[in-house]
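Student: Generate coordinates for the sequence data below:
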Amino acid sequence: MMSGHRIRMVVTDLDGTVLRNDKSISPRTQRAVARLRERGVLFVAATARPIRGVRGFLPGLSCDGALYHNGAVVVWGDERLEGFGVERPLDVVRAVLADDPARWVAVEADDVLYSNFDPGEIWPGVESVRTDDFREVESLTADKIIVEARTLAEAEALQARLPESLYAQLSENRIAMIMNRQATKLNGVRLLAARLGVSLDEIAAFGDDYNDVDMLRECGVGVAVENALDEVKAAADEICPSNEEDGFARWVEEMLGEPGT
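Tutor: Got it, this is the predicted structure:
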């Protein structure tokens, strides 16, 4: 564990980092989070999931705040702070579908998922509104747009169709997330840190996927779980055991001087 950093806030990704592969939260992790907060350390979840997709996890984690949709939506307590949305999402969808009308696309807006395919094929049990032309989102600001993509090259090809204000990022090697360039986990962390008077040097960040890299690089301590992508490990200051081995909890226990609790 790195020395020289007073940690006042811990920010962590959920899937593949804190959550086990079956999407459960271990008792050890719950205890570690509880002990963090008892010691006065703020705890924030940072996820690409929508708000509705995290409700079942947050009570067990007792979060002080959360970043949803990769940082497009920032919440502190019960208050939703300013976000970074995608304006005119219908124009973006039409550009994406221009050369492949059968491509899987979904739009997240106002905590509703609008989709031209069955998203349960990717996320079993997810609720959605089926649409063929996405006119339902014409007057909305989207939190993000999801497009079928399985390689970095496919995500980069999508980028060529987007305005400068948006970016496409591969996630889980299954989809690309199209988002406002300001909508990143790091920017969400910055927003919360400024509001709370916490410096980035006083934050420990955990992750496993591409969308965690900047957060791990810029926070005081960046920690990758052992199961993280190689690019994420390269960006981290430290590597802890995998999500299946309660790596996050073990790191927290060591930081608190309470190993094996």
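Student: Would you state the helices of this structure in chain order?
Tutor: Residue ranges of the helices in the chain, as given by DSSP state H, are 27-38, 58-61, 89-97, 152-159, 185-196, 213-218, 230-235, 247-256.
Student: If I average pLDDT within each of those, which one is lowest?
Tutor: Note on the helices of the chain: helix 58-61 shows the lowest mean pLDDT, a mean of 67.
Student: Surely G16 touches D208?
Tutor: Yes. Taking contacts as C-beta atoms under 8 Å, G16 lies within contact range of D208: 4.1 Å. To be clear about C-beta, it is placed using only N, CA and C from the backbone, and glycine gets the same treatment.
Student: which one of these two has more residues nearby?
Tutor: Between G16 and D208, counted using other C-beta atoms under 10 Å, D208 has the larger neighbour count: 26 against 21.
Student: To V10, which of the helices of the chain lies closest?
Tutor: Go through the helices of the chain one by one with C-beta to C-beta and the one that ends up closest to V10 is helix 27-38, at 6.0 Å.
Student: Which residue ranges of the stretch 101-250 of the chain form strands?
Tutor: When assigned using DSSP state E, counting those that start in this stretch, the strands of the stretch 101-250 of the chain occupy the ranges 105-109, 112-115, 129-130, 144-148, 166-171, 175-180, 203-207, 221-225, 238-240.
Student: Going by contacts, tell me the helices and strands next to the last one.
Tutor: Secondary structure elements in contact with strand 238-240, counted by 3 or more C-beta pairs under 8 Å, 6 or more residues apart in numbering; DSSP states H and E, are strand 221-225, helix 247-256.
Student: CSV for those, including distance to E238 and mean neighbour count?
Tutor: As requested, the helices and strands packed on strand 238-240 are exported to CSV (distance: least, C-beta to C-beta, whole Å; neighbours: other C-beta atoms under 10 Å):
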stretch, distance to E238, mean neighbour count
strand 221-225, 5, 26
helix 247-256, 8, 21
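Student: For those, give me TSV that also has distance to L158.
Tutor: Conversion of the helices and strands packed on strand 238-240 to TSV gives the following (distance: least, C-beta to C-beta, whole Å):
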stretch	distance to L158
strand 221-225	26
helix 247-256	32
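Student: Show me what counts as buried in stretch 166-173.
Tutor: By neighbour count, with 16 or more other C-beta atoms under 10 Å as the criterion, the buried positions of stretch 166-173 are 166-171.
Student: Where does pLDDT dip in the protein?
Tutor: Across the chain, the ranges flagged by pLDDT under 70 are 1-5, 56-60, 259-261.
Student: which residue sits farthest out from the middle of it?
Tutor: What lies farthest from the middle of the chain is D99; by C-alpha atoms, centre = their mean that is 29.3 Å.
Student: gap between that one and P89?
Tutor: As for D99, its distance to P89 is 19 Å (criterion: C-beta to C-beta, to the nearest Å).
Student: K185 too?
Tutor: According to C-beta to C-beta, K185 and P89 sit 21 Å apart.
Student: R8 touches L200, doesn't it?
Tutor: No. Counting by C-beta under 8 Å, R8 sits too far from L200 to count as a contact (10.7 Å).
Student: What residues does the nearest residue to D64 once chain neighbours are set aside make contact with?
Tutor: For D64, ignoring the flanking residues on the chain, the nearest one in space by C-beta to C-beta, 6 or more residues apart in numbering is L42 at 4.7 Å. Contact analysis of L42 by C-beta atoms under 8 Å, 6 or more residues apart in numbering lists 8-10, 64-65, 196, 198.
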